[in-house]
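Q: pasting the structure only:
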C-alpha cells in the first residue's frame, strides 16, 4: 500500500510515456500502423483504470497534506524537487484527464489516416504532460509540464489539422508561450526572493514558499507581488482563455482534429483555471483579492461576448469554441467571487464543461467525418437520416445550455449564488456590484439557449435540403459507445452532484479562507480532511 | 411534519411512463401499448394525488394544517446553501396536483384518438409524460430550486412538443421562440432565488427537519422577521423584498405569456392540439400564477410589485382580447383568449385576491381545456383545417362537440352557474373593492383596473361568440376560396399533387402533420370517436358545475346557504398573515357580511352578467349574418409586436454580434494586433537583414561607427563629470 501511496501519480505520468515508447518500437520493428490505435487505446484505458486507485479509502495525506505525495530531490543545484501530490482541487481534474483520453483515442478510429505513429505518440505524451500539470507541487516541475503540454498539441493541430492548420498552430503556440514565458520569469523571481529572505537557499517548492509566507519568513513586497501575480495571471488567462486573450481558441479548435479539440476543451483549458486557483490564489492571496474586480469584469464580458459571437458563427465547431469562451467566463467568475459556493461551482463547471463540450466536439467530429464540412448551412433536417445522432446531440446541447438535472446547471448555479453573495466587490456601500455582476452574467444563460437552439434547429430540423445528407449513416456502435459514458455523466453529475462536491470541499474551503480571511495566514493543508470519504461511488 | 413517501409516486409514475415509451415504445411502435402506458401512469399519479389530498394521514393534505412532505435526497449542498430533492403537498399544491393530474388524464385519453396514425405516436406520449413529470415537480417541489427544475423542465417539454412536427418551419421557429422567451423569464426567477436566499438564508417553502438539521421556510421568515417595503419606484431596485417579487414576476411573465413576453404563446399553437390544451392552456402557463401565489408572503410586503402585477395583468388581458377578436385561426383565438385570461389571474393576484386567482386557474383549466379539445375535435373532423372562415354550420355534423363547446363558451363568457362566472366575477369584485395593497391616488388605481377588466369581459364574450358563430352556425363554407388564399392556392397546386404522391408512398412523409390540405370535393365533417368526445363531456360537466366549490357568500346567501365558498377556506392557510394595518382592515372588510358590502358585491355581479349577455348579443349581431366581417388590420396583425421585437431587438443584436464583435473586434482588432506584431517582427527582421550584406568593408564601417559612438559617449560623459 505504501508503494502505491507514494508512486501512484508517477505511474500515471509514466504509463503513457511507456505507451509512446512501445508505439515507436512497434513502428520500428513491424512497420505497420494498423494496431497502433489499439495499443494507444489500451494504454489510455489502463491509465484510467489505474487512476481509479485515487479513490482508495486507505490513502493518507503526506507531509504537506496532499495525497499520494512524493517529494524527492531532482536537481539539487537549483533546489528543485520532484514534488507531486493531489488534493480535492486536482483530484477530479486528474480523473477527468484519464477519463477523457480513451474516448479521444476512440474518436480517431477512422479519422486519422496519415503519420499515425506520430499522432498516437503525441496523444500519449500529451496525457503525461497534462497529468503532470495537475499534480506538480514544485513550480519548476509545473512549468516544465505546462510547457510540455504545448508541444504535442502544437503538432496535433499543425499536422493533422484542417486547411488553415499552420496559422492556427502557430497562433496557439505564440499566444500560450508568450504568457508562460512571463510566468517563468515570475517563478525565477520567487526563487530568488525565497533565497534572499529565508536564507535557506532558493526553492521552487510551492508548499515551502507558501509556508514561508505563512510564518512570515518570506514577505513579498506589495509592488513586486502585484507584478508577479500579473505575470502568473497572464499565462493562465491566455490558457483559459479569458477575454480578450481568446482569439487563438476558435482557430485552434476549428483546425484541430477531433481528438485534439476534445482534449483542448476538456483538459487543456482547465490548466488555466486550475493554475489561477492553485498558484495565483495560493501564492498571492492579497493581490488575488485586490484584482478580483478586473477578472470578474473580463469574465462577464467574456460570457456575453462569447455568447453573442457564438450566435453568428457559420461553422458549428467555431460556434462551440466560442461557447467555451462563455463557459470559461463563468468559471473565472466563480473563482474570483471567493465564496465557497462560487469556487465549488467553478470547479464543478470545469468538470462538466469538460464532459459536455468534449461531447459536443466529438459530435461535430462525427458529422465532419461523414460530410467533410461543418458549415451550418450545409445541413438541415438531419434528424430524419440520423435520429440517434440528433437525440444525443440535443441532450448534450441541453446540458450545455444548463438545463437543471443535467451537469451544466449545478456549476453555473453555484457560481451565480456565490457571486451574488460575494464580498470582493464591496468597494462602496451604495452600489451592490456583486448583484449587478451576477445579473449580467445571468444573461449568458439566456444567450446560451439562443445560439445553441438556433444551431440545433438549423442543423437537425426541417426538411433535408441537401441531397448528400439524405443517405447519411446514423451513428455506429463505436460512436454510440463512446458517447454513452459522457451522457451518463451529464445526467449523473446533474442529479447527484454531492459526491463530487464533497471531495473538493476541504481543499476549496482552504483556498477560500486563505484569500478572504488572512492572507498568508493560518491556511494549513495538513488540516485538510481526506478528499476520500465513505460511501461514494467511483 | 407529516411524511408520506407516496408523494414521489405522483411525479415518478409519469417519468417511468416517459422512459418506457421512449425506450420500449419506440421499438414496438404499437399505439395501444404507448397509449395504455401513457394514460395508465397518469392515472396512477391521479389516484395517488387524490388519495393524499383527500384521505391520507387523517383527512388529507387539503384539510391538514401542515404540509405532507417527502424528502428524497439532498441535491446540492455547499456551505450554507442547500437544495433538497424534496416534495411537499400543502393545500395550494394539493389543489394544483389534483386538477393537473385529472385534466392531464383526460387530455391524454383525448390524444390517443387525436394522434391516431401518427408516426411519432410513441414519441408524442413520451414527451407528454415527461411534461407531466416536470409540471408535477414544479408544483410539488418543496423549495425554490426544485421548483425551478420543474419550471425549466416544462419549458423543455413545451419546446419539444411545439416543435413536434419537426419538418414544419413555423413549428420549429415557434419552439425556439417559446424556449428563448421563457429563458428570459427564467433569468428573473434565478435572480429572485439568489436574492431570496441572500435575504432569508433559505430557499425552502416549508419548515422542516432534514438529517437532524432544521431548515426554515422562506415565507415564515419573511412574515416574522421582515417588514413591508414602502410603495416607491426605488424599492424595485433596493435589493429587498420588492426586488425579489419583481424578479419572480419577470419569470411569471415569461411562463404565463404576459406583457412583454407574450408573443410565444400564440405561435406555440403550431404544436398538436392536445399539447395546446394541456400545456398552453390548462397547466404550464398557469405556473406563473402559482409562483406569485406561492410567494404571496413576499408579495404582500412588496406593494410596488403587487401594483406592477395588477397593472401588467390588466393590460395583458385587454391587449390580448383585442387581438383575439380579429383572428381567423380557431386555435389562435383560443391562444389569445388564454393570454387574456391569464391576465385576469394576475390582476387578481395583484390586488391581493390570491385565492381567487387560483380559483380562476382551476375553472379556466376546465373550460379552456374543454375549448381547446373541442377545437381539436373540430380540426380533426375538418381534416386539419383550422381556418374558421372555411367552417360554418358544424353543429349539424358534430353535435357532441358543439354542445360541449357551448358549455365552455358560456363558462368563459361568465354566464351564472357556469364555472367561469364565479371566478371571473370575483376577480372583478375584488379588483373593485377588496384588499388595498397600493396607496390611494396611484394611477392606475383599483377602479381604473376594474374598468379595464370589465371592458375585457365584454370583449371576451364578443370574440368567443364570434368563434362559436363562425364555427358552428351560419352556412357551410368548406369549399369557399378565401380572397387572400385564391392567389396562393393557384401557385400551390403543384405542391398539392406532389403531397398526394407522397401520401401514397408514405415513407418520406413521416411528418404526419396537421398541415393544410385542400378539402376534397365531397367533403363532409364528421364527429370524433368516443375517446375524444368522452373527455369533452366530462370537461363540459366540470365547466358547468365546477365553479360551485367557490360560490361567495353574497351569492350563496341568496339561496339560503351561509358559507359555500369552500375553495377560499381551503386555501386560507396558504396565504400569509399580513400584519400591516391596511391589510387587516381590508381583511375584516372582506370577511364581514354587512348588508351594504354584500349588496355592493351583488350589484357588481349583476352588472357583470349584464355585460356578458351584452357581449354575446353583440357577437351574434355582428357576426351571425356576416361571419367573414373584416376586422381591423392592426388587430389581425397582432399590433405588429413581433415585427417590433425583431426590428428593434433581435436584428440589431445579431448585426452587432456579427459585424462589430466578431468581424470587428475579434478578427479585426485583437487578431489585427497579434498579426500586426507578427508583421512588425518580420519587417524589422527584413530591415536588419539589410545590414548583413556579407561585405567585409561594410561590417568594418559599422564597427567603426559603433566605436566612434562609444568613444563619443565616454567623452561626453567624462566632460560632464569634469564639469
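A: Looks like it came in fine. Computed from a prediction, not measured in an experiment: that's the story for all the values here. Numbering: from 1, shown residues only, chains lettered A, B, ... in the order given.

Q: centre of the chain to whichever helix in chain A runs longest, how far?
A: Ranked by residue count, the top helix of chain A under DSSP state H comes out as helix A:165-198. Offset of helix A:165-198 from its chain centre (Cα atoms, centre = their mean, to the nearest Å): 19 Å.

Q: tell me what it is packed against?
A: helix A:139-148, helix A:150-160, helix A:206-215, helix A:222-239, helix A:248-255, helix B:671-689 (3 or more Cβ pairs under 8 Å, 6 or more residues apart in numbering or on different chains; DSSP states H and E). Where C-beta positions appear, they are placed from N, C-alpha and C, glycine not excepted.

Q: show me where the chain has strands.
A: No chain specified, so I'll use chain A. Secondary structure of chain A (DSSP state E): strands at A:67-75, A:80-86.

Q: wrong chain, I was asking about chain B
A: In chain B, the strands defined using DSSP E lie at B:2-3, B:68-78, B:81-89, B:208-210, B:213-215.

Q: got a list of contacts for stretch B:619-632?
A: For stretch B:619-632, the external contacting residues (Cβ atoms under 8 Å, 6 or more residues apart in numbering or on different chains) are B:325-326, B:388-389, B:392, B:461-466, B:468-470, B:473-474.

Q: at 6 Å what do you get?
A: Stretch B:619-632 has contacts (Cβ atoms under 6 Å, 6 or more residues apart in numbering or on different chains) with B:326, B:389, B:462, B:465-466, B:469-470, B:474.

Q: so what's the residue count around residue 18?
A: You didn't pick a chain, so chain A it is. For residue A:18, the count of nearby residues is 14 (other Cβ atoms under 10 Å in any protein chain shown).

Q: right idea, wrong chain: chain B
A: Per other Cβ under 10 Å, the neighbour tally for residue B:18 reads 25.

Q: OK, contacts around residue B:70?
A: Applying Cβ under 6 Å, 6+ apart to residue B:70 gives the contacts B:4-5, B:7-8, B:87.

Q: and it, what are its bridge partners?
A: Beta-bridge partners for residue B:70, by DSSP bridges, are residue B:87.

Q: then the one 4 residues further on?
A: Each beta-bridge partner of residue B:74 is listed here, defined by DSSP bridges: residue B:84.

Q: isn't it right up against residue B:84?
A: Yes: assessed by Cβ atoms under 6 Å, residue B:74 is found in contact with residue B:84 at 5.3 Å.

Q: between the two, which has more neighbouring residues?
A: Between residue B:74 and residue B:84, counted using other Cβ under 10 Å, the more crowded position is residue B:84 (25 against 17).

Q: not counting sequence-adjacent ones, nearest residue to the residue of the stretch 151-300 of chain B found nearest chain A?
A: The nearest approach of the stretch 151-300 of chain B to chain A comes at residue B:194, 4.0 Å away (Cβ to the nearest Cβ). Excluding the flanking residues, the one nearest residue B:194 by Cβ to Cβ, 6 or more residues apart in numbering or on different chains is residue A:420, at 4.0 Å.

Q: which parts of the stretch 601-723 of chain B sit against chain A?
A: Residues of the stretch 601-723 of chain B lying close to chain A (Cβ under 6 Å from any Cβ of the partner chain) are B:657-658, B:661-662, B:666, B:670-671.

Q: quick one, helices of the stretch 601-723 of chain B?
A: For the stretch 601-723 of chain B, helices defined by DSSP state H, counting those that start in this stretch occupy the ranges B:633-636, B:641-645, B:651-655, B:671-689, B:696-722.

Q: show me where chain B dips below the pLDDT cut-off.
A: B:1, B:434-437, B:440, B:482-519, B:521, B:560-564, B:577-593, B:690-693, B:723 (pLDDT under 70).

Q: hang on, the earlier thing: among the contacts of residue B:70, which one lies nearest to chain A?
A: Using Cβ to the nearest Cβ, residue B:8 comes nearest to chain A of the contacts of residue B:70, at 14.0 Å.

Q: and the closest one, how many neighbours?
A: Based on other Cβ under 10 Å, the number of other residues close to residue B:8 is 17.

Q: what does residue A:486 give?
A: Residue A:486 has 25 nearby residues by other Cβ under 10 Å.

Q: okay, now the domains of chain B?
A: Domain assignment for chain B, taken from automatic domain parsing, gives B:1-142, B:143-480+B:526-636, B:646-684, B:691-723.

Q: may I see the ChimeraX selection of the buried members of the contacts of stretch B:619-632?
A: Entered in ChimeraX, the line below selects the buried ones among these, by 16 or more other Cβ atoms under 10 Å in any protein chain shown:
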select /B:326,389,462,465,466,469,470,474
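
Q: what's residue A:9 in contact with, if anything?
A: A:68, A:84, A:135.

Q: closest one of the residues you listed to residue A:166?
A: Nearest to residue A:166 among those, counting by Cβ to Cβ, is residue A:135 at 33.0 Å.

Q: please name the nearest non-neighbouring residue to the closest one.
A: The nearest residue in space to residue A:135 (Cβ to Cβ, 6+ apart) is residue A:84, at 4.3 Å.

Q: try residue B:142
A: Nearest non-adjacent residue to residue B:142, counting by Cβ to Cβ, 6+ apart: residue B:88, 3.5 Å away.

Q: was I right to think that neighbour contacts residue B:72?
A: No: using Cβ under 6 Å, residue B:88 is not in contact with residue B:72; the gap is 11.4 Å.

Q: who has more neighbours out of these two?
A: Neighbours per residue (other Cβ under 10 Å) separate residue B:88 from residue B:72, with residue B:88 holding more: 28 against 15.

Q: now the buried members of the residues of the stretch 601-723 of chain B next to chain A.
A: Buried among those by 16+ other Cβ under 10 Å: B:657-658, B:661-662, B:666, B:670.

Q: apart from its chain neighbours, what residue comes closest to residue A:60?
A: Closest to residue A:60 by Cβ to Cβ, 6+ apart is residue A:5, at 6.7 Å.
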